[in-house]
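Asker: turn this into a structure:
(one chain, ligands or ions: 1)
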Amino acid sequence: MGILAKFRKITNGLRKTQEKLGHELRRIFTRSPRLTGETLEDLEAALLAADFGVPMTMRIVEAVRKAYETQGKRGLDVFQIAKREVRAALGDAPRELIAAPSGLTVVSIVGVNGAGKTTTAAKLAYRLAQEGKSALLAACDTFRAAAIEQLQLWGERLQVPVVAGNYNADPAAVAHDAVAAAQARGIDCLLIDTAGRLHTKRNLMQELQKVHRVVGRKLPGAPHETLLVLDAATGGNALVQAREFHKATSLTGLVITKLDGTSRGGIAVAVQSELGVPIKFIGVGEQPDDLQPFDPEAYAEALFGSPQAEEAGASAR
Ligand code: GDP
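Answerer: From the prediction side, this is the model:
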């Protein structure tokens, strides 16, 4: 199976970004036989509109300008250049979930309300089950009764056990009990769904730190992974959130959700570049198998789709 067929879900998930960017780039680069300052400014605007952020945008614009200087407009393939730069910027950091050296692995899932934490926790449980590993979900968003119910529903649907406290219970106490339950049951991975906090609320960040402290006291080394879930559609705001969360907790990975609903898919590159924390998964839909491992190659390909990518997408639709 070719890389494009294998990553069809990613290609489809990024279709909105790819279509808008592709359309813009073709419009910009086909209208004049020469590459002018105006062309580069338009390229810059198109990349910024897709939320690549200033550093990544300038990197691509520079690479295009240099290529034009050395080879002229003939054969200048802006898509290839952009793809190469994005691929290089994303690097080769390990993107597997961090596992405890032995015994229970604890993954804490953090982010603001509505980012997709609960859904991501459930999708990860599904993924682990597919790999033959056992998972336990902990509903530590005790501030919202609906959040506890939502996770319990997912648990029933996926047949994954859920540990939940009562509404308004201390999230750290629930997390503590969940670690104990996971250890007693010999579970491979505990997924903690934390409360959706406003990144500006200091006490909520402290609450999150307390959850991590308590978990670490119960099981040294835990949480082994702290994943920040970001909604791609929030654009530049996702960057602000990411900075605040990184300051309060040591993030080990990022999950970018709802890429299927936005044409601002560049945000993934911007956030990873700025934080230096690897993207581990992307969400491209609401179904359990819509959480995909992040693959820089497939991602760059999907953003600046080639004709083959269009074919792969077309046959998947
Ligand atoms: P939380 O408040 O952070 O726990 O967010 P939820 O997990 O409740 O998600 C909020 C909404 O976003 C729900 O309606 C989810 O179905 C939806 N959602 C989450 N991830 C994705 C995704 O990757 N794509 C799409 N289209 N919707 C998503």
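Asker: enumerate the residues of this protein near the ligand.
Answerer: 111, 113-119, 150, 196, 257-258, 260-261, 283-286, 290 (Cβ under 6 Å from any ligand atom). Using the backbone N, CA and C atoms, a C-beta is placed for each residue, glycine as well.
Asker: now, of those, which are buried?
Answerer: 111, 115-119, 150, 196, 257-258, 260-261, 283-285, 290 (16 or more other Cβ atoms under 10 Å).
Asker: which of the residues you listed sits closest to the ligand?
Answerer: G283 (2.4 Å; Cβ to the nearest ligand atom).
Asker: chain neighbours aside, what residue packs nearest to that closest one?
Answerer: Distances taken as Cβ to Cβ, 6 or more residues apart in numbering put T257 closest to G283, at 3.4 Å, once the chain neighbours are dropped.
Asker: now do G13
Answerer: V284 (2.6 Å).
Asker: and G196, what does it touch?
Answerer: G196 sits next to 111-115, 117, 141, 144, 147 when contact means Cβ atoms under 8 Å, 6 or more residues apart in numbering.
Asker: let's see that with 10 Å instead.
Answerer: 110-118, 141, 143-144, 147, 204, 229 (Cβ atoms under 10 Å, 6 or more residues apart in numbering).
Asker: mind checking the SS state of E149?
Answerer: helix (DSSP: H, G, I helix; E, B strand; the rest coil).
Asker: ok, now how distant is it from G155?
Answerer: 10 Å (Cβ to Cβ, to the nearest Å).
Asker: A268 too?
Answerer: The spacing between A268 and G155, counted by Cβ to Cβ, is 29 Å.
Asker: tell me which of those two has more neighbours.
Answerer: Comparing A268 with G155 by other Cβ atoms under 10 Å, the one with more neighbours is A268, at 27 against 21.
Asker: assumed F281 was part of a strand.
Answerer: Yes: F281: assigned to a strand according to three-state DSSP.
Asker: can you tell me which of the residues of the chain next to the ligand are in strands?
Answerer: 257, 283 (DSSP state E).
Asker: tell me where the model's unsure across the stretch 151-300 of the chain.
Answerer: Scanning the stretch 151-300 of the chain for pLDDT under 70 picks out the ranges 197-202.
Asker: just checking, the residue nearest to G283 touches F294?
Answerer: No: contact criterion Cβ atoms under 10 Å: T257 and F294 do not qualify, at 11.8 Å.
Asker: overlap in contacts, these two.
Answerer: By Cβ under 10 Å, 6+ apart, T257 and F294 have these common neighbours: 281-282.
Asker: hmm, back to that, who does the residue nearest to G283 bridge with?
Answerer: On the basis of DSSP bridges, T257 takes part in beta bridges with D231.
Asker: can you give me the distance of it to V61?
Answerer: T257 sits 28 Å away from V61, taking Cβ to Cβ as the criterion.
Asker: next one: E301
Answerer: Where V61 is concerned, E301 sits at a distance of 20 Å (Cβ to Cβ).
Asker: ok, now G116?
Answerer: From G116 to V61 the distance is 31 Å (Cβ to Cβ).
Asker: ok, E38 next?
Answerer: E38 is 12 Å from V61, by Cβ to Cβ.
Asker: compare those two (neighbour count), which wins?
Answerer: Applying other Cβ under 10 Å to E38 and V61 shows that V61 carries more neighbours, namely 19 against 11.
Asker: quick check: phi and psi on that one?
Answerer: Taking degrees, to the nearest 10, you get phi -60, psi -40 for the backbone angles of V61.
Asker: ok, it to the ligand distance?
Answerer: 30 Å (Cβ to the nearest ligand atom, to the nearest Å).
Asker: residues touching that residue, list them.
Answerer: V61 neighbours (Cβ under 10 Å, 6+ apart): 39-41, 43-44, 47, 81-82, 85.
Asker: how about 7 Å then?
Answerer: Residues near V61 by Cβ atoms under 7 Å, 6 or more residues apart in numbering: 40, 43-44.
Asker: can you list these in JSON lines and add secondary structure?
Answerer: Output for those, formatted as JSON lines (three-state DSSP):
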{"residue": "L40", "secondary structure": "helix"}
{"residue": "L43", "secondary structure": "helix"}
{"residue": "E44", "secondary structure": "helix"}
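Asker: what residues of whichever helix or strand A175 is part of count as buried?
Answerer: Counting by DSSP states H and E, the element that carries A175 is helix 171-185. Across helix 171-185, burial judged by 16+ other Cβ under 10 Å covers 171-172, 174-179, 182.
Asker: repeat for stretch 229-240
Answerer: Under 16+ other Cβ under 10 Å, the buried positions of stretch 229-240 are 229-235, 238-239.
Asker: ditto for stretch 129-149
Answerer: 134-144, 147-148.
Asker: contacting residues for the residue nearest to Q18 when sequence neighbours are not counted?
Answerer: Using Cβ to Cβ, 6+ apart and skipping the chain neighbours, the partner closest in space to Q18 is G305 (4.5 Å). Contacts for G305 (Cβ under 7 Å, 6+ apart) come out as 11, 18, 22.
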